[in-house]
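Chemist: predicted structure and sequence below. I'll ask about it afterward.
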Amino acid sequence: MIKGNSSSSPHTFFALVGLITGLLLCILTPPLKAPDEISHYARAYEISQGVIVSPKEGAFGGSIIPDSIIALHTKYGYPAACDVNNKASPQEIMAHLGDPLNPAQVSFFKNNATFYFPTVYLPASLVILIGRGLGASPLVMMYLVRLATMLVAVAITALAIRIAPIYKWLFVFLSLGTAAATQRASLSADSLTNAFALLLLAMALRLAFDPRHKLKARALPALLAVSVFVALAKQAYLVLPFALLIASPVFPKNRSFWMAFGLIAGTGLIAALGWNKATAHLNDYWDILTDAYPGEQIVWMMTHPFNMVAVLLRTVVPGLPAWLAQLFGNFGFCKEGSIYPVFNGLAFITFLFLMFADTHAKINPTRWQRLVLLCVSLLCSLLVLIANYLINVKGNYTIEGIVGRYFVPVLPFFCAAGYNQLWKNKPSPTRAAQIAMLASAALVLAQLAAVMMRYW
């Protein structure tokens, strides 16, 4: 059995396993096989050139990038990425590591990442900027961007686990889940988004339950930075900073608290709405799923509220089990990109065990705190659904295109809302840590095996 003080250092365990798994996934996942990886590559490249708002050509938003990167997409990206018989060749990939970038030969490339704010690409754009200066090839830069993004995301996630007063092992397990781990080892903006969302929750929980930490002036810069980062990462996540309300009693009379909270949450909200306005013209038309006009969809939703409720119910009721399964089971954006069902089932059982096995005698959230976390979680999930419905056909019967990885940042907030002491004979912290470590190790090994067998 696993011995030692492992129950007191889950962040160390995550950092070690997260780094090893991340490095292997960065290498084992062939070029542009992660979800929307080419779009994130294009967006990060243009940001490295100082382009903040993406250009538009005709009805589409996109990026002006070197033809060599577009050729990389043609060779490795969709639809070739979803051909199960199209296995990667190490010799072929090695042969293309030296292909020139040719930065002067550029074209417009339509992509669906134009709405992302530049902060989520800071590590990626910095690596690309340095890589361009050193004459790195498109393929080399892609691997270096994966590595840099993964390292930063692991560090932020480990910090979040370290400062969280509850659910440390649950957060470890969720962060090593298949969707989170494979996103973290890709060019995706979701890598840093997931990490900072967990950090925001950990900071809110520490303010609420650790008497050594209160909402004081010296804590404002860090809280403000993290909250604004999360709010700008995706418009659907702009409500997550409101979880900081758990650090207050119901309707607090403390004026300084409301001023601090208003500054933190309000700044993120204003920034997100401002960025959405600045980029709205890029999203007049989408053809990701089918021909869709978001403006028309918004009008339809506002004029057919009861029909919209029916659409949500028809989507959520049958879709929820699949989304939960995808959190632990899916590593790619193609249908065959999943781990073995037995590991997926064991992962879900472990998730439930860790959610109820956590013990901290001094922490018992109030009804107000649970209500805040639940409302934030539900509202954020609703915004995720609505945001995706905007790129469906007007008045579509259900919301097409929803996948489990969209809820990776939200799930920890749901879990925190349900924290309880109902299980009277809980296993010891050491035993819970042992189970968490063994289950995490099994899950990441299943991920690596599935990726290896799918792609190579």
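Modeler: Sure, I can see it.
Chemist: what is the burial count for residue 19?
Modeler: Using other CB atoms under 10 Å, residue 19 has 15 other residues around it. To be clear about C-beta, it is placed using only N, CA and C from the backbone, and glycine gets the same treatment.
Chemist: in the helix or strand hosting residue 296, what's buried?
Modeler: Secondary structure from DSSP states H and E places residue 296 in helix 294-303. By 16 or more other CB atoms under 10 Å, the buried positions in helix 294-303 come out as 294, 297, 300, 301.
Chemist: got these as a markdown table, with pLDDT and distance to residue 18 columns?
Modeler: Putting the buried residues of helix 294-303 into a markdown table (pLDDT from 0 to 100; distance: CB to CB, whole Å) gives the following:
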| residue | pLDDT | distance to residue 18 |
| --- | --- | --- |
| 294 | 87 | 36 |
| 297 | 91 | 38 |
| 300 | 94 | 43 |
| 301 | 93 | 39 |
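Chemist: the helix or strand bottoming out on mean pLDDT in the chain packs against which elements?
Modeler: In the chain, the helix or strand scored least confidently by mean pLDDT, DSSP states H and E is helix 255-279, which has a mean of 86. Helix 255-279 is packed against helix 220-233, with contacts defined by 3 or more CB pairs under 8 Å, 6 or more residues apart in numbering; DSSP states H and E.
Chemist: and residue 280, how many neighbours?
Modeler: Using other CB under 10 Å, residue 280 has 12 neighbouring residues.
Chemist: okay, now the unreliable bits of the stretch 1-150 of the chain?
Modeler: The stretch 1-150 of the chain contains residues with pLDDT under 70 at 1-8.
Chemist: can you show me the helices along it?
Modeler: 10-28, 37-48, 67-76, 90-95, 122-134, 138-163 (DSSP state H, counting those that start in this stretch).
Chemist: and residue 188, which of the three is it?
Modeler: Counting by DSSP: H, G, I helix; E, B strand; the rest coil, the backbone at residue 188 sits in coil.
Chemist: nearest residue to it other than its sequence neighbours?
Modeler: Of all residues not flanking residue 188 in the chain, residue 40 sits nearest, at 5.2 Å (CB to CB, 6 or more residues apart in numbering).
Chemist: in which helix or strand would I find residue 398?
Modeler: Applying DSSP H and E, one finds residue 398 in no helix or strand.
Chemist: that one touches residue 310, doesn't it?
Modeler: No - using CB atoms under 8 Å, residue 398 makes no contact with residue 310, being 9.5 Å away.
Chemist: so between these two, which is more surrounded?
Modeler: Neighbour totals were compared for residue 398 and residue 310, and residue 398 leads with 16 against 13 (other CB under 10 Å).
Chemist: for that one, grab phi and psi.
Modeler: phi -130, psi 180 (degrees, to the nearest 10).
Chemist: show me what contacts it?
Modeler: Counting by CB atoms under 8 Å, 6 or more residues apart in numbering, residue 398 touches 311, 314, 315.
Chemist: just residue 415 next, same as before
Modeler: By CB under 8 Å, 6+ apart, residue 415 lies in contact with 167, 170, 174, 355.
Chemist: quick one: distance of the host helix or strand of it to the chain centre.
Modeler: If you go by DSSP H and E, residue 415 is part of helix 411-417. A distance of 15 Å separates the centroid of the chain from that of helix 411-417, by CA atoms, centre = their mean, to the nearest Å.
Chemist: ditto for stretch 285-297
Modeler: The answer for stretch 285-297 is 23 Å, by CA atoms, centre = their mean.
Chemist: who's in contact with the closest residue to residue 162 other than its chain neighbours?
Modeler: Spatial nearest neighbour of residue 162, chain neighbours left out: residue 11 (3.9 Å); criterion: CB to CB, 6+ apart. Counting by CB under 8 Å, 6+ apart, residue 11 touches 158, 159, 161, 162, 168, 172.
Chemist: any quick PyMOL command for the buried ones out of these?
Modeler: This is the PyMOL syntax for the buried subset of those, where burial follows 16+ other CB under 10 Å:
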select buried, resi 158+159+161+168+172
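Chemist: with pLDDT and distance to residue 140 added, can I get the contacts of residue 11 in CSV?
Modeler: Listed next are the contacts of residue 11 as CSV, based on pLDDT from 0 to 100; distance: CB to CB, whole Å:
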residue, pLDDT, distance to residue 140
158, 97, 27
159, 97, 29
161, 96, 32
162, 95, 33
168, 94, 37
172, 96, 32
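Chemist: quick one on the thing from earlier: I'd say the residue nearest to residue 188 and residue 191 touch.
Modeler: No - the pair residue 40 / residue 191 is not scored as a contact, 9.1 Å apart, by CB under 8 Å.
Chemist: name the residue in these two with the higher neighbour count.
Modeler: Higher neighbour count among residue 40 and residue 191: residue 191, with 30 against 27, using other CB under 10 Å.
Chemist: got the phi and psi for that one?
Modeler: Dihedral angles (degrees, to the nearest 10) for residue 191: phi -60, psi -60.
Chemist: residues contacting it?
Modeler: Per CB under 8 Å, 6+ apart, neighbours of residue 191: 149, 150, 153, 183, 184, 185.
Chemist: among the helices of the stretch 1-150 of the chain, which comes closest to residue 387?
Modeler: Nearest to residue 387, of all those, is helix 37-48, at 15.9 Å by CB to CB.
Chemist: tell me where the stretch 301-450 of the chain has strands.
Modeler: With DSSP state E, counting those that start in this stretch, there are no strands along the stretch 301-450 of the chain.
Chemist: closest to residue 201 out of the contacts of residue 398?
Modeler: residue 315 (25.5 Å).
Chemist: isn't that closest one up against residue 402?
Modeler: Yes - at 6.7 Å, residue 315 and residue 402 qualify as touching, with contact defined as CB under 8 Å.
Chemist: can you tell me the element residue 165 falls in?
Modeler: Here residue 165 is assigned to no helix or strand, by DSSP H and E.
Chemist: burial of the residue lying closest to it once chain neighbours are set aside, as a residue count?
Modeler: Distance criterion CB to CB, 6+ apart; nearest residue to residue 165, sequence neighbours excluded, is residue 209 at 4.7 Å. Residues near residue 209, counting by other CB under 10 Å, number 20.
Chemist: confidence score at residue 209?
Modeler: Per-residue pLDDT puts residue 209 at 87.
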